[in-house]
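K.L.:
could you look at this predicted model? Sequence included:
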Amino acid sequence: MTDTLVPKAYDDVFAALLAAQSEVRLASPYMGAGVLAYFSQLAKASPATWRVLTKLDAASVAHGLLSAQGLRQLLSAGVELRSLPNLHAKVVITDQSFGLVGSANLTNAGLGGSGGKANIELGVLLDAAQRKAATKHFNDWWDGAFLVTEAGIQAVEETAKHLPASVSAMTTDAGPSNDSLPLVEDANQLLAEAGGVNLWVKAVYGDEEAADQG
């Protein structure tokens, strides 16, 4: 059914959060400062218990993909906050009456909010059985995640200071080189994903063709 597909989730998500009476469950590796500030305001006034699961790492903070200050605001609002290193899921569940999973991170661009360029995203509204199943998955992730504290946020911020925020395109007298842009995008993607990696292994060394034949 096409009415279960949500290309811009901002209005649906915030309406559900405003209406929540018992529980709010949110999962997203990336969360923007503006969205987290709004979450914090809602959580302070909400009768519901809020649990937020994210991926707190230095690369995300260095790139501005995850707002450290926003996480602090959540803690100040009484939100339970945990981090899971390999989290990639994006989930919103409230009161077992609303459930959404999809591609969008909990950022203004991801949710399609006003005041900025929206990403092209797609979410799916869950039926009752799917909400129940998604809640079980969330609870399993939650049990395996670690608590986010002010000390933990400070430690990640300190590490983030020593990471490059991004890689720039090569420039010529005529300006940025278009030929380098795909490589720059790949490099920045690697930087964003490499924050929690302590060991890199090169799987093939030497002549790959010879190795395949051997």
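P.N.:
Okay, I see it.

K.L.:
buried residues in stretch 155-168?
P.N.:
Neighbour counts over stretch 155-168 (16 or more other CB atoms under 10 Å) mark Val156, Ala160, Leu163 as buried. The way it works is simple: take the backbone N, C-alpha and C, and place the C-beta from them, glycine included.

K.L.:
with pLDDT and secondary structure as extra columns, can I get those residues in CSV?
P.N.:
Listed next are the buried residues of stretch 155-168 as CSV, based on pLDDT from 0 to 100; DSSP: H, G, I helix; E, B strand; the rest coil:
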residue, pLDDT, secondary structure
Val156, 96, helix
Ala160, 93, helix
Leu163, 84, coil
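
K.L.:
just send those back as TSV, with distance to Ala68 too.
P.N.:
What follows is these, written out as TSV (distance: CB to CB, whole Å):
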residue	distance to Ala68
Val156	7
Ala160	8
Leu163	13
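
K.L.:
keeping just the C-alphas, turn stretch 70-90 into CSV.
P.N.:
Extracted in CSV, the C-alpha atoms of stretch 70-90 (Å, rounded to 0.1, in the frame of the first residue of the first chain):
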residue,chain,number,x,y,z
GLY,A,70,22.7,17.8,21.2
LEU,A,71,23.5,14.6,23.1
ARG,A,72,24.2,16.7,26.2
GLN,A,73,20.8,18.3,25.8
LEU,A,74,19.2,14.9,25.7
LEU,A,75,20.9,13.9,28.9
SER,A,76,19.8,17.1,30.6
ALA,A,77,16.3,16.4,29.5
GLY,A,78,16.3,13.0,31.2
VAL,A,79,16.6,10.9,28.1
GLU,A,80,18.2,7.5,28.4
LEU,A,81,21.0,7.5,25.9
ARG,A,82,23.1,4.5,24.7
SER,A,83,25.6,3.9,21.9
LEU,A,84,26.1,0.9,19.7
PRO,A,85,29.3,0.9,17.6
ASN,A,86,27.9,-0.9,14.5
LEU,A,87,24.4,0.8,14.5
HIS,A,88,23.1,1.6,11.0
ALA,A,89,19.3,1.2,11.6
LYS,A,90,17.0,4.1,11.7
